[in-house]
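In: pasting the structure only:
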């Protein structure tokens, strides 16, 4: 691709990302994206055949960028399970405190498209969230946490719940509640517990 | 209100509820709601001045209905903390297994309107979710669970996380993972734990 074409493509991707991030996917139109990029709609369509195709390109480039940023989390951890949990929720606390924060863009997209399970963006969101959960599992495994994949899933359930409940209640203390619960789950013994029905232990 | 006017109002509310539930709030137009109710748009506007006003009326009537249904959860519980957790997540498992399930309507609405914190529907969603969390706290208090409000919040963080992650991954086993984590949190000792940084215990 010639240099100017690549530059135009990037301008469109950045304009679309900014609008999708702020207003979600559904309420943003192609006209609005073209205007934000300072281009005609015709030029936009020369690079992306549809709003869906543009979204797929935005998500793919964001996945690479955001997952790389997420992985820096592991770089400066001394390795105790509690430090991993603290670092993770501390990151979430700082992120959710940003002005105009609207939660996870991937989650928002999936929720907006909840009735369209076959939408191509859904597959990218699935891959992104699975990569994050898998990476937390790797960090916990290195810290010798037993059943690291199970604990990573629990931590991520709490993190997704916190993001949604901060939005619902406008109350950022949900992230602290999630952090405390995650720290206890990472420590608490799993085996030999009594009083839990079979239904809870079924797969 | 005369009987026929009330009947028309109910027809509009039901048509709007069905469409919002399936497609979310943003993608549904007033024309579509009027058509689904078998009425003209003019008649619809005689009952509701805007789509926002209609949404507020739908949510208010749903809150009463759904919260009453949620409260039946407590009726047949013998009272152990584990039974409460099992009943709650069992309900969530059955609900999320329904064909075409699209997650919590209140959560979806808040996520769709994430950049509009002042939207009147947001206040209703906040009240609904706070009522559910409060009710779980009451059930746990009756079961003599220490710090029932804190445990209720953790359970609800896991439940919201499970709803979102079932949608993202199309994998209903997230509800089982959430149920197991909730059961452990209700049992696990909170005090006297070591190795958790101050940051986690801050309010």
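Out: Okay, I see it. Just so you know, these numbers come straight off a predicted model, no measurement behind them.
In: low-confidence ranges, chain A, go.
Out: In the predicted model of chain A, residues A:1-3, A:74-78, A:188-203 satisfy pLDDT under 70.
In: break it down into its domains, please.
Out: The record's domain split for chain A, according to automatic domain parsing, is A:1-49, A:56-189.
In: wait, which of these is closest to residue B:105?
Out: Of all these, domain A:56-189 sits nearest to residue B:105, with 9.8 Å by CB to CB. Any C-beta I mention is one placed from the backbone N, CA and C, and that applies to glycine too.
In: does chain B sit close to stretch A:117-128?
Out: Yes - contact between stretch A:117-128 and chain B, assessed by CB under 8 Å from any CB of the partner chain, occurs at A:117, A:122, A:125-126.
In: returning to what we had before: quick check: which of the domains of chain A is buried the most?
Out: Comparing those by mean neighbour count (mean count of other CB atoms under 10 Å in any protein chain shown), domain A:56-189 ranks first with a mean of 19.
In: tell me the gap between it and the middle of its chain.
Out: For domain A:56-189, the distance between its averaged C-alpha position and the chain's averaged C-alpha position is 6 Å (CA atoms, centre = their mean, to the nearest Å).
In: likewise for stretch A:47-63?
Out: Its chain's average C-alpha position is 17 Å from that of stretch A:47-63, according to CA atoms, centre = their mean.
In: that stretch and chain B, are they touching?
Out: No - using CB under 8 Å from any CB, stretch A:47-63 stays clear of chain B, coming no nearer than 13.0 Å.
In: I would like the residues contacting that stretch, please.
Out: Under the contact criterion CB atoms under 8 Å, 6 or more residues apart in numbering or on different chains, stretch A:47-63 has outside partners A:5, A:8-9, A:12-13, A:16-17, A:20, A:25, A:28-30, A:33, A:44, A:105-106, A:109, A:119-121, A:124-125, A:127-128, A:131.
In: same question for stretch A:72-92.
Out: Everything outside stretch A:72-92 that qualifies as a contact, by CB under 8 Å, 6+ apart, is A:135-136, A:138-140, A:142-143, A:145, A:155, A:159, A:162-163, A:175-176, A:178-179, A:182-183, A:186-187, B:195-197, B:199-200.
In: can you tell if the helix or strand hosting residue A:16 touches chain B?
Out: Using DSSP states H and E, residue A:16 falls within helix A:3-23. Yes - using CB under 8 Å from any CB, helix A:3-23 comes into contact with chain B via A:22-23.
In: which strands or helices does that helix pack on?
Out: Using 3 or more CB pairs under 8 Å, 6 or more residues apart in numbering or on different chains; DSSP states H and E, the elements in contact with helix A:3-23 are helix A:30-37, helix A:41-47, helix A:51-71, helix A:105-112.
In: angle of the longest one against helix A:3-23?
Out: Same thing as helix A:51-71. Using axes from the mean of the first three to the mean of the last three CA atoms, to 10 degrees, the direction of helix A:51-71 lies 80 degrees away from that of helix A:3-23.
In: helix or strand right after helix A:51-71?
Out: Downstream of helix A:51-71, the next assigned helix or strand under DSSP H and E is helix A:81-96.
In: and the closest residue to residue A:45 other than its chain neighbours, what does it touch?
Out: Nearest non-adjacent residue to residue A:45, counting by CB to CB, 6 or more residues apart in numbering or on different chains: residue A:30, 7.8 Å away. Counting by CB under 8 Å, 6+ apart, residue A:30 touches A:41, A:44-45, A:51, A:54.
In: same thing with residue A:175?
Out: Applying CB under 8 Å, 6+ apart as the definition, the contact partners of residue A:175 turn out to be A:89, A:92-93, A:96, A:162, A:166.
In: now it: which helix or strand?
Out: When secondary structure is defined by DSSP H and E, residue A:175 falls within helix A:173-187.
In: now do residue A:26
Out: Under the assignment given by DSSP H and E, residue A:26 is not contained in any helix or strand.
In: please name the residues that touch the closest residue to it other than its chain neighbours.
Out: Ranked by CB to CB, 6+ apart and with sequence neighbours excluded, the top spatial neighbour of residue A:26 is residue B:26, at 4.7 Å. Under the criterion of CB under 8 Å, 6+ apart, the contact partners of residue B:26 comprise A:24, A:26-27, A:112, B:112.
In: phi first, then psi, for residue B:26.
Out: With angles defined as degrees, to the nearest 10, residue B:26 shows backbone torsions of phi -70, psi -40.
In: residue A:109 contacts residue A:25, correct?
Out: Yes - with contacts counted by CB atoms under 8 Å, residue A:109 reaches residue A:25, the gap being 5.5 Å.
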